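K.L.:
Just need the structure, nothing else, for what follows:
(4 chains)
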Number of protein chains: 2
Amino acid sequence: MAAREPLNREKILDAALVIADELGLSGLSMRRLAKGLGVEAMALYNHVANKTAILDGLAERVFAEVEPPDPALPWPERVRSLATSMHAAFGRHPVVPLALVTDQANPTTLAALRPLEALIGAFAEAGFDDDGVRRALSSVNALVYGTLALTTLGFGKEPGGSFGPEHLDVFVRKVDPAKLPHFSRLLASMPAADPAEDFAWALNRLIAGLEAAAPVRDGAS
Amino acid sequence: MAAREPLNREKILDAALVIADELGLSGLSMRRLAKGLGVEAMALYNHVANKTAILDGLAERVFAEVEPPDPALPWPERVRSLATSMHAAFGRHPVVPLALVTDQANPTTLAALRPLEALIGAFAEAGFDDDGVRRALSSVNALVYGTLALTTLGFGKEPGGSFGPEHLDVFVRKVDPAKLPHFSRLLASMPAADPAEDFAWALNRLIAGLEAAAPVRDGAS
DNA sequence: ACCTGAACACCGTTCAAGT
DNA sequence: ACCTGAACACCGTTCAAGT
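P.N.:
So this is what the prediction gives:
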């Protein structure tokens, strides 16, 4: 067989995303990544500056998966579309929101910032001033990252995330229904929940609140 | 001098919170914590099961700082009070939300669950069914954790968190205003932002949206 | 009962050395 | 130009040994 082709940044990012999707952020180590590529850990540093650069690269790729909304849509629909697409893309690759939230990634490229640009544009069109745009943007971002934090983050393995039955057991055994009546009752309805539907519901509530506060209710029709 | 008094769980948690507030979650290692207590790392294991147990203890303490709302208040006010108090308590000790989000803490004690119990009670009183309660609860939780994630998390050191000028510089240097016009303009208004005020604004928007969807608008006169 | 020393199986990263 | 070996300064945790 011929000698192995040299490594490059793209191959490293491909392998890193596979490992991270399978083992989570904590499972993505330089040594394990190198082993998967048939190389020693130190060889990676010929192609990427450090681990942060790898996580930046992954973040950029996932941000690029976010679908640009139809510009003809009224601003609330564009916000809904963007937030939903961000939630879906991050949900497919939870390493990325986790790395962003823990400051291990900080992408500054065009591809990574385009979804934010579109969100900001929608809020500007709604008539918010600079303070209002910043606040509206932060609220939608917070809902996206917060929802992911409560469902898929930290749970490196399970695909659906959320409260799997294993996690519920911890509570069911320990919680005293006499002292936490509402909480105990709610536990029963948790496993049936669909994270994507719950996010859509929460997003609709927030957008309704934003519309009520926007100087311009609807840019279209 | 007399021999040092033996360690105990409380002393360990005291020291751990001080270190975590100063150095962040990544700065809180068993070895450093032990050194601060004048002991070897392995001595800690006589009093706590492992690092997770320490983080659970910290989470419990911070949840206990959340102020119980006046039960006479209408449900939207109770939700606002609880979410605001949670945001403030977590903002004082960002280790805790970060540990929760990364699944390094998972407290199941009464003290830690009481704020959730109160939130659930408020939403039940609003007339939501079990699905609605779970979704309303998740939305408020997501906003709290998500807001903290975007402002104070990952930033172990800086007290105000958010976009300090250091972080802005990264963007200001790299972002092309021609390609990201909205984003570039927004950068100017970021440093003046007050995270607590921005959170209050976002929370008001979400609660407005929840009220519009609630079967019972207002429990009180 | 409480603490220590040494060890195990890991991290990210640097630097000199090899081809 | 690209890769390796050895090393540095860390992790959480276990286990046998000390007092």
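
K.L.:
need the residues of chain A near DNA strand C, please.
P.N.:
Counting by Cβ under 7 Å from any atom of the strand, chain A comes close to DNA strand C at A:28-32, A:41-42, A:45, A:50-52. In short, each C-beta sits where N, CA and C put it, glycine included.

K.L.:
top of these by neighbour count?
P.N.:
The residue in the residues of chain A next to DNA strand C with the most neighbours, by other Cβ atoms under 10 Å in any protein chain shown, is A:Leu28 (24 neighbours).

K.L.:
Would you format the residues of chain A next to DNA strand C as CSV with pLDDT, secondary structure and distance to DNA strand D included?
P.N.:
Below are the residues of chain A next to DNA strand C laid out as CSV (pLDDT from 0 to 100; DSSP: H, G, I helix; E, B strand; the rest coil; distance: Cβ to the nearest atom of the strand, whole Å):
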residue, pLDDT, secondary structure, distance to DNA strand D
A:Leu28, 98, coil, 16
A:Ser29, 98, coil, 12
A:Met30, 98, helix, 10
A:Arg31, 98, helix, 9
A:Arg32, 98, helix, 14
A:Ala41, 98, helix, 7
A:Met42, 98, helix, 4
A:Tyr45, 98, helix, 7
A:Asn50, 98, coil, 14
A:Lys51, 98, helix, 13
A:Thr52, 98, helix, 17
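
K.L.:
wait, which of those is closest to chain B?
P.N.:
Set against chain B, the nearest of the residues of chain A next to DNA strand C by Cβ to the nearest Cβ is A:Thr52 (11.9 Å).

K.L.:
Thought A:Gln104 was touching the closest one, still the case?
P.N.:
Yes - using Cβ atoms under 8 Å, A:Thr52 makes contact with A:Gln104 at a distance of 6.2 Å.

K.L.:
which phi and psi does A:Asn8 have?
P.N.:
Main-chain torsions, A:Asn8, degrees, to the nearest 10: phi -150, psi 170.

K.L.:
Setting aside sequence neighbours, what's the nearest residue to it?
P.N.:
Leaving aside its sequence neighbours, A:Asn8 sits nearest to A:His47 (Cβ to Cβ, 6 or more residues apart in numbering or on different chains; 5.9 Å).

K.L.:
residues in contact with that neighbour?
P.N.:
By Cβ atoms under 8 Å, 6 or more residues apart in numbering or on different chains, the contact set of A:His47 is A:7-9, A:12.

K.L.:
From those residues, list the buried ones, please.
P.N.:
Among those, those classed as buried by neighbour count (16 or more other Cβ atoms under 10 Å in any protein chain shown) are A:7, A:12.

K.L.:
Mind picking the two most distant members of the contacts of A:His47?
P.N.:
A:Leu7 and A:Arg9 (8.3 Å; Cβ to Cβ).

K.L.:
Could you export the contacts of A:His47 as a markdown table, including secondary structure and pLDDT?
P.N.:
As requested, those are exported to a markdown table (DSSP: H, G, I helix; E, B strand; the rest coil; pLDDT from 0 to 100):
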| residue | secondary structure | pLDDT |
| --- | --- | --- |
| A:Leu7 | coil | 95 |
| A:Asn8 | coil | 97 |
| A:Arg9 | helix | 98 |
| A:Ile12 | helix | 98 |
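
K.L.:
Looking at the contacts of A:His47, which is nearest B:Arg135?
P.N.:
Closest to B:Arg135, out of all of the contacts of A:His47 and judged by Cβ to Cβ, is A:Ile12, at 39.9 Å.

K.L.:
where in chain A is pLDDT low?
P.N.:
Applying pLDDT under 70 to chain A flags residues A:1-4, A:153-173, A:217-221.

K.L.:
Please, where are all the helices along it?
P.N.:
Assigned by DSSP state H, chain A shows helices spanning A:9-23, A:30-36, A:51-64, A:75-92, A:95-101, A:110-125, A:130-151, A:165-174, A:181-187, A:195-213.

K.L.:
Name the residues of stretch A:92-107 that are buried.
P.N.:
Buried, per 16+ other Cβ under 10 Å, within stretch A:92-107: A:93-107.

K.L.:
and A:Pro191, what are its phi and psi?
P.N.:
Dihedral pair for A:Pro191: phi -60, psi -30, per degrees, to the nearest 10.

K.L.:
again with A:Ala72
P.N.:
Per-residue torsions, A:Ala72: phi -80, psi -20 (degrees, to the nearest 10).

K.L.:
give me the number of residues near it?
P.N.:
Residues lying near A:Ala72 (other Cβ under 10 Å) number 9.

K.L.:
And the most centrally placed residue in chain A, how far from A:Phe183?
P.N.:
Nearest to the mean C-alpha position of chain A, by Cα atoms, centre = their mean, lies A:Phe90 at 3.1 Å. Distance, A:Phe90 to A:Phe183, using Cβ to Cβ, to the nearest Å: 28 Å.

K.L.:
DNA strand D contacts on chain A?
P.N.:
Applying Cβ under 7 Å from any atom of the strand, we find that chain A lies next to DNA strand D at A:4, A:6-7, A:39-40, A:42-43, A:46-47.

K.L.:
how about those, which pair is most distant?
P.N.:
The distance between the two most remote of those (Cβ to Cβ) is 16.2 Å, for A:Arg4 and A:Met42.

K.L.:
re the thing from before, now render the residues of chain A next to DNA strand C as TSV, adding distance to chain B.
P.N.:
What follows is the residues of chain A next to DNA strand C, written out as TSV (distance: Cβ to the nearest Cβ, whole Å):
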residue	distance to chain B
A:Leu28	14
A:Ser29	16
A:Met30	17
A:Arg31	19
A:Arg32	19
A:Ala41	21
A:Met42	23
A:Tyr45	22
A:Asn50	15
A:Lys51	13
A:Thr52	12
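
K.L.:
so which of the residues you listed comes closest to B:Gly146?
P.N.:
Distances from B:Gly146 to the residues of chain A next to DNA strand C, taken by Cβ to Cβ, are shortest for A:Thr52, at 22.3 Å.

K.L.:
burial of A:Pro215, as a residue count?
P.N.:
For A:Pro215, using other Cβ under 10 Å, the count is 9.
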